[in-house]
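A.B. asks: Next one to model:
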Amino acid sequence: MTARCKVTANYLDVAPELHRYFASVFLIEIDVPDGGMVEDFMFPDWATMRFNAQGVVGGTTRSGEALPGSRFVVSGARSQEAYVRTGSVRQWGVLIHPLGWALLVGKPARDYANRLVDGMADPAFERFRPLADTLSSGVPDARGELCRITQFFMGLEPIDDPAAGTIAAAYEAIRDPEVSSVEDLAGRAGVTRRTLERLCQRAFGFPPKLLLRRQRFLRSLAHFAADPSLKWIDALDPGYCDQAQFVRDFREFMGMTPSEYSHRSKPFVDAVLKERARYMVEEVGPRGGTRSLVA
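C.D. replies: Modelled structure (predicted):
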């Protein structure tokens, strides 16, 4: 049985120099009384590195791939939900957009799509392990830890990727609600459709058509999270033809119906989505203007 827990989530700004790597940085603290455990799920998202003060965070993907527990959990780009189990934990995380993955990790994103891996064991993430050790030592100090994260990533030598400009252009285009077809996306990225297909598999983890559908779905989920008083029909992205189309996407990306999601116990995902919506919508970013609701 999932225990009750207290959750504090904070999404934080980072130095402008790190914007090419990160969509966001967050600190989540989960307090589970009496040594209990809580279970919840993660929604589809970009790749994420999570650094935990204790190695109690584990998870399972829809395919059944299990991660028993780790101090450094890496989730690849996801088009499916992933289930998480944890006790009390203090967790720093970085949400890495595709250009960040290309410049920091350099491995094909498709190889880690919809997967959870132990960053302390997978050789692809060896260069990040010193940060996992640093963040789990000493007295908790959010300001100081954010400074350490900033200094660590600013000190990394980026991997040379000749397609970096195209990856960045494709990422911005995918986030644009006006871009609704693979042809539009290829045009905005300045490449042929065939080149775009290869690039998206390598840097984004999925084919471009799936990426556009996933982003449309995530915009709807974010609208719902930002205003829980809405009904699903009121939160739908304009790109949806009707509610039935949205329900089909919901089943594909979340493994459940909207009704099942609404009635499901979500010990910490609700708090995380609410804070993320606040960060994306209410706060004015360091580059001016208002952040997009979906990173």
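A.B. asks: got a list of contacts for the longest helix that the chain contains?
C.D. replies: Using DSSP state H, we find that the single longest helix of the chain is helix 208-226. The contact list for helix 208-226 (CB atoms under 8 Å, 6 or more residues apart in numbering) reads 43-45, 79, 170, 174-175, 177, 179-182, 185-186, 196-197, 200, 204, 206, 230, 232, 235-237, 239-240, 246, 249-250, 253, 270, 273-274, 276-277, 280-281, 293-294. Using the backbone N, CA and C atoms, a C-beta is placed for each residue, glycine as well.
A.B. asks: So which of those are in helices?
C.D. replies: Short answer: those in helices (DSSP H) are 170, 174-175, 182, 185-186, 196-197, 232, 235, 246, 249-250, 253, 270, 273-274, 276-277.
A.B. asks: Buried only: go through these for me.
C.D. replies: 170, 174-175, 182, 185-186, 196-197, 232, 235, 246, 249-250, 253, 270, 273, 276-277 (16 or more other CB atoms under 10 Å).
A.B. asks: if I pick the closest residue to Arg188 other than its chain neighbours, what's in contact with it?
C.D. replies: Distances taken as CB to CB, 6 or more residues apart in numbering place Ala173 nearest to Arg188, at 3.7 Å, with adjacent residues excluded. With contact set as CB under 8 Å, 6+ apart, Ala173 has these partners: 179, 184-185, 188-189.
A.B. asks: now that we have those, which one has the most neighbours?
C.D. replies: Neighbours here mean other CB atoms under 10 Å. Within the contacts of Ala173, the largest count is held by Ala189, at 26 neighbours.
A.B. asks: what's the closest non-adjacent residue to it?
C.D. replies: Ala170 is the one closest to Ala189 (CB to CB, 6+ apart), at 4.2 Å.
A.B. asks: The one you found against Arg198, yeah?
C.D. replies: No: with contact defined as CB atoms under 8 Å, Ala170 does not count as touching Arg198 (11.6 Å).
A.B. asks: which stretches of the chain form strands?
C.D. replies: Secondary structure of the chain (DSSP state E): strands located at 6-12, 22-31, 38-42, 47-52, 57-61, 66-70, 72-75, 82-86, 89-96, 116-118.
A.B. asks: TSV for those strands, including mean neighbour count?
C.D. replies: As requested, the strands of the chain are exported to TSV (neighbours: other CB atoms under 10 Å):
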stretch	mean neighbour count
strand 6-12	17
strand 22-31	20
strand 38-42	20
strand 47-52	23
strand 57-61	20
strand 66-70	17
strand 72-75	25
strand 82-86	21
strand 89-96	22
strand 116-118	20
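A.B. asks: Give me the mean pLDDT for stretch 244-255.
C.D. replies: Averaged across stretch 244-255, pLDDT comes to 96.
A.B. asks: cool, stretch 80-98 as well?
C.D. replies: 94.
A.B. asks: what about Arg4, neighbour count?
C.D. replies: Look at Arg4: counted by other CB under 10 Å, it has 11 neighbours.
A.B. asks: List the contacts of it.
C.D. replies: Neighbouring residues of Arg4 by CB under 8 Å, 6+ apart: 32-33, 36, 267.
A.B. asks: Nearest to Leu12, out of those: which one, please.
C.D. replies: Of all the contacts of Arg4, Pro267 has the smallest distance to Leu12: 22.2 Å, by CB to CB.
A.B. asks: tell me the domain ranges of this protein?
C.D. replies: As assigned by automatic domain parsing, the chain contains the domains 6-154, 164-282.
A.B. asks: So Leu156 sits against Gly100, correct?
C.D. replies: No: assessed by CB under 8 Å, Leu156 is found out of contact with Gly100, at 10.7 Å.
A.B. asks: Looking at those two now, which is surrounded by more residues?
C.D. replies: Gly100 (25 against 13).
A.B. asks: Give me the nearest residue to the more buried one, chain neighbours excluded.
C.D. replies: Tyr21 (3.5 Å).
A.B. asks: unless I'm mixing things up, the one you found is touching Pro98, no?
C.D. replies: No: contact criterion CB under 8 Å: Tyr21 and Pro98 do not qualify, at 10.4 Å.
A.B. asks: Can you report how many residues neighbour Gly138?
C.D. replies: 10.
A.B. asks: Count residues in the vicinity of the nearest residue to Ala113 once chain neighbours are set aside, would you?
C.D. replies: Using CB to CB, 6+ apart and skipping the chain neighbours, the partner closest in space to Ala113 is Gly205 (3.7 Å). When neighbours are counted by other CB under 10 Å, Gly205 registers 25.
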